[in-house]
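Undergrad: Just a sequence and a predicted model for now, questions to come.
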Amino acid sequence: MLGNKTAFITGASRGIGKAIAALFAVEGYNVAIMCSSSQRELEETERELKIYTPNVLAIMGDVGEYKSARTAVEEIERKFGCIDVLVNNAGISYVGLFNTMQPTQWKRVIDTNLNGVLNCTHAAVQNMIRTHRGNIINISSMWGELGASCEAVYSATKGAVNSFTKSMAKELAPSNIRVNAIACGVIDTRMNSFLKPSERMALQEEIPLRRFGNPEEVARLALYLAENDSAYITGQIISIDGGMS
């Protein structure tokens, strides 16, 4: 068991999750990263993180399956001890009209975006309660409150994550565990790669700051929420969206 604080970041092979994992590694955390499908990218991220710290654990697994989440948490606890910070970042989107969506498609979005949060939180919080310490950060979206046309199920899952965040913050506060969510606006990741240049420009013009956010900005907010400087902040849905909401 290693002595540093340990952070477990899901959906960490690229984008926001990778940026969060990298910053936590730079700051001296033991870092466990997980993704479900891109082993090559996960291994590449693991190699990059080891530039900053040797204490990196990469796990392939689907957070939408409870057994997979539980197994990952057990592996992390064996290697590093208690998880100090859980970042529920894994998420997928489906862009299209709801009436053309198939049940298998919306089930996949719900399993990853909502059940993944429930599964990983349930698995990690057992030891957090026993040790009377811990920090959970859920990566949400501004669409969880505003709702997005053609992303109805995605928006619904993020709204549920926001409610779960507020409820769990109240439930876990007596155990000295904080729970917050980061409601991201338009962040420049592969999730937005479907946009045509003209659509991208039009979307930028809707953002008061006139640009997309970048993953490193989300990472810095996640680190702040993980550290003692934010010790009196819990149950909050904190927007990082360039002024859109």
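TA: All right, it came through fine.
Undergrad: rest of the way, CA atoms for contacts and neighbours
TA: OK.
Undergrad: For stretch 180-191, measure first residue to last.
TA: End-to-end span of stretch 180-191 (Cα to Cα, to the nearest Å): 23 Å.
Undergrad: when you give positions from now on, start the count at 16
TA: Right, with 16 as the first residue, what we last looked at is stretch 195-206.
Undergrad: quick one: contacts of that stretch?
TA: 30-31, 107-108, 151-159, 177, 180-181, 184, 227-230, 233, 236-237, 240, 248-257, 259 (Cα atoms under 8 Å, 6 or more residues apart in numbering).
Undergrad: Could you do stretch 148-157 as well?
TA: Contacts of stretch 148-157 (Cα under 8 Å, 6+ apart): 98-104, 132, 136, 140, 143, 170, 173, 176-177, 180, 190-200, 237, 240-241, 254, 256, 260.
Undergrad: Ok, stretch 59-74 next?
TA: For stretch 59-74, contacts defined as Cα under 8 Å, 6+ apart pick out 27-29, 33, 36-37, 40-41, 43-50, 57-58, 87, 91.
Undergrad: how far is that stretch from where the chain is centred?
TA: Chain-centre distance of stretch 59-74: 18 Å, with Cα atoms, centre = their mean, to the nearest Å.
Undergrad: Give me the buried positions along that stretch.
TA: 60, 61, 64, 65, 67, 68, 70, 71, 72, 73, 74 (16 or more other Cα atoms under 10 Å).
Undergrad: Go through the residues you listed and flag which are in helices.
TA: Mapping the buried residues of stretch 59-74 onto helices (DSSP state H) picks out 60, 61, 64.
Undergrad: related to what we said a few turns ago, now the contacts of stretch 195-206: which count as buried?
TA: Of those, these count as buried by 16+ other Cα under 10 Å: 30-31, 108, 151-159, 177, 180-181, 184, 227-230, 233, 237, 240, 249-257.
Undergrad: Tell me how far residue 50 lies from residue 25.
TA: Taking Cα to Cα, one finds residue 50 at 6 Å from residue 25.
Undergrad: tell me the contacts of residue 43?
TA: For residue 43, the contact set (Cα under 8 Å, 6+ apart) comprises 19, 20, 67, 68.
Undergrad: for it, helix, strand, or coil?
TA: coil (DSSP: H, G, I helix; E, B strand; the rest coil).
Undergrad: buried ones in the lowest-mean-pLDDT helix or strand in the chain?
TA: Least confident helix or strand of the chain, by mean pLDDT, DSSP states H and E, is helix 212-221 with a mean of 85. Residues of helix 212-221 classed as buried: residue 219 (neighbour count, 16+ other Cα under 10 Å).
Undergrad: What distance do you get for the most centrally placed residue in the chain to residue 213?
TA: Geometric centre of the chain, nearest residue: residue 104, 1.5 Å, by Cα atoms, centre = their mean. Using Cα to Cα, residue 104 is found at 29 Å from residue 213.
Undergrad: before we move on, what about residue 184?
TA: Residue 184 is 41 Å from residue 213, by Cα to Cα.
Undergrad: looking at this structure, which residue lies furthest from center?
TA: Farthest-out residue of the chain from its mean C-alpha position, per Cα atoms, centre = their mean: residue 213, at 29.0 Å.
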